[in-house]
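Student: Give me the fold of what follows.
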Amino acid sequence: MKYIIEKRLIDLAIAVNNLCQKLSNSYMSQHLKTQLIRSSTSAALNYAEAQVAESRKDFIHKLNLVLKELKESKVCMKLLYGSFKDSYMPEFEKQIIECDELIAIIFKTLQTARKNMLSNK
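Tutor: Presented below is the predicted three-dimensional model:
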């Protein structure tokens, strides 16, 4: 399962990059594209770090970072979608849905990890 999640996070980052390349270079667009690429790639990179965490606490910390970056990515996509929805609506919608699904998976994983940490004390 962890390899499937990793692949989905990597695919999201690649899709975001491809989508951003199609957008104009207005000030807002440029700012959000840069931020979106950073947050989507950070989610994938932090997930990779979580897989080799030094402790359960470190694992939870890194997964929290993944969750934060995914939520940030989603908001950036919604802002861009609002600005460009006529031209790129299907692509934005697909990536926002993927982001929502990944957020749900990471959130549930965090709940389980926290529960397991508490039960092992």
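Student: now the helices for the chain?
Tutor: 2-21, 27-50, 56-119 (DSSP state H).
Student: for those helices, which one ends up most surrounded?
Tutor: Highest mean neighbour count among those (mean count of other CB atoms under 10 Å): helix 27-50, with a mean of 18. Yep, even glycine has a C-beta here, placed from its N, CA and C like the rest.
Student: contacts for that helix?
Tutor: Residues outside helix 27-50 that contact it (CB atoms under 8 Å, 6 or more residues apart in numbering) are 5-6, 9-10, 12-13, 16-17, 20, 23, 59, 62-63, 65-66, 69-70, 72-73, 76-77, 79-80, 83-84, 102.
Student: likewise stretch 10-23?
Tutor: Contacts of stretch 10-23 (CB under 8 Å, 6+ apart): 29, 33, 36-37, 40-41, 43-44, 73, 77, 80, 84, 87-88, 91-92, 94-95, 98-99, 102.
Student: Render the CA-only coordinates of it in PDB, please.
Tutor: Output in PDB follows, covering the C-alpha atoms of stretch 10-23 (Å, rounded to 0.1, in the frame of the first residue of the first chain):
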ATOM      1  CA  ILE A  10       4.600  11.500  -7.300                       C
ATOM      2  CA  ASP A  11       2.000  11.300 -10.000                       C
ATOM      3  CA  LEU A  12       0.200  14.300  -8.400                       C
ATOM      4  CA  ALA A  13       3.400  16.300  -8.300                       C
ATOM      5  CA  ILE A  14       4.100  15.600 -12.000                       C
ATOM      6  CA  ALA A  15       0.500  16.300 -13.000                       C
ATOM      7  CA  VAL A  16       0.600  19.600 -11.100                       C
ATOM      8  CA  ASN A  17       3.800  20.600 -12.900                       C
ATOM      9  CA  ASN A  18       2.400  19.800 -16.300                       C
ATOM     10  CA  LEU A  19      -0.800  21.700 -15.500                       C
ATOM     11  CA  CYS A  20       1.200  24.700 -14.300                       C
ATOM     12  CA  GLN A  21       3.200  24.800 -17.500                       C
ATOM     13  CA  LYS A  22       0.000  25.500 -19.400                       C
ATOM     14  CA  LEU A  23      -1.000  28.500 -17.300                       C
END
